[in-house]
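S.K.: What follows is a protein structure lacking sequence information:
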């Protein structure tokens, strides 16, 4: 069966990567296959998850010169059709986005256009939601574009903010109830379109 070859770019523990691996195992992600994991630093949990799943993994250090060139080269070498930014804490340049021919999708832990853009990542997003006093937050999967968190939205899922929430508690709920659900669904939607265009 023809599938889209997916690269997953990660910076941390790899829980969203695991959600994609599990979705592939369950058949939720069937139009795409995870062909490569790119870690932007050594020793992170996502690398162990990739190795356990038997997925090729390369470490390309983001803070070193030539990072984007290295990622593009790895994508070419592995025949990558699309990229998923799954807890990737960097920001790819407009030049990178133009040079990679396939779609790039990103998961953001809030309902864009709230609490997004430069500086909004990790627990900072959830702290901002709590500081503002919103009653509902969630996650968004969108296409990466030249504007940070500004690309077309693919899927969103809302999550309730509850009394007594801390940023850590809210982060866990958003991951479990939204991120791990909609990221595989969005990856499947995009991969299915790539497959249709290839056929």
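M.R.: All right, it came through fine. Predicted, not measured: the structure shown is a model, and the values here were computed from it.

S.K.: Is residue 38 in a helix, a strand, or coil?
M.R.: Following DSSP: H, G, I helix; E, B strand; the rest coil, we place residue 38 in the strand state.

S.K.: So that it lines up with my notes, have the first residue be 44 from now on.
M.R.: From this message on, residue numbering opens at 44, which makes the last subject residue 81.

S.K.: May I ask which helix or strand encompasses residue 226?
M.R.: Taking DSSP states H and E as the criterion, residue 226 maps to helix 223-241.

S.K.: Can you show me the strands along the chain?
M.R.: 47-53, 75-82, 100-102, 125-128, 147-151, 179-186, 196-203 (DSSP state E).

S.K.: now the fourth one: mean pLDDT?
M.R.: I take that to be strand 125-128. On average, the pLDDT along strand 125-128 is 98.

S.K.: Contacts for the helix holding residue 226 next, please.
M.R.: Here helix 223-241 makes contact (C-beta atoms under 8 Å, 6 or more residues apart in numbering) with 45-47, 49, 58-59, 62-63, 65-67, 71-75, 124-125, 127, 129, 145-146, 148, 150, 182, 184, 197-200. To be clear about C-beta, it is placed using only N, CA and C from the backbone, and glycine gets the same treatment.

S.K.: The nearest residue to residue 180 once chain neighbours are set aside: neighbour count?
M.R.: Once flanking residues are discounted, residue 180 sits nearest to residue 172: 4.6 Å by C-beta to C-beta, 6 or more residues apart in numbering. Residue 172 has 27 neighbours, counted by other C-beta atoms under 10 Å.

S.K.: What of residue 210?
M.R.: 17.

S.K.: cool, and residue 78?
M.R.: 18.

S.K.: show me what contacts it?
M.R.: 48-50, 98-99, 121-123.

S.K.: mind checking pLDDT for it?
M.R.: Reported pLDDT for residue 78: 98.

S.K.: what does residue 69 give?
M.R.: With respect to pLDDT, residue 69 has a value of 97.

S.K.: and the gap between it and residue 166?
M.R.: Residue 69 sits 29 Å away from residue 166, going by C-beta to C-beta, to the nearest Å.

S.K.: Then residue 225?
M.R.: 20 Å.

S.K.: Please identify which of those two sits among more neighbours.
M.R.: The neighbour count for residue 225 versus residue 166, taken as other C-beta under 10 Å, is higher for residue 225 (21 against 13).
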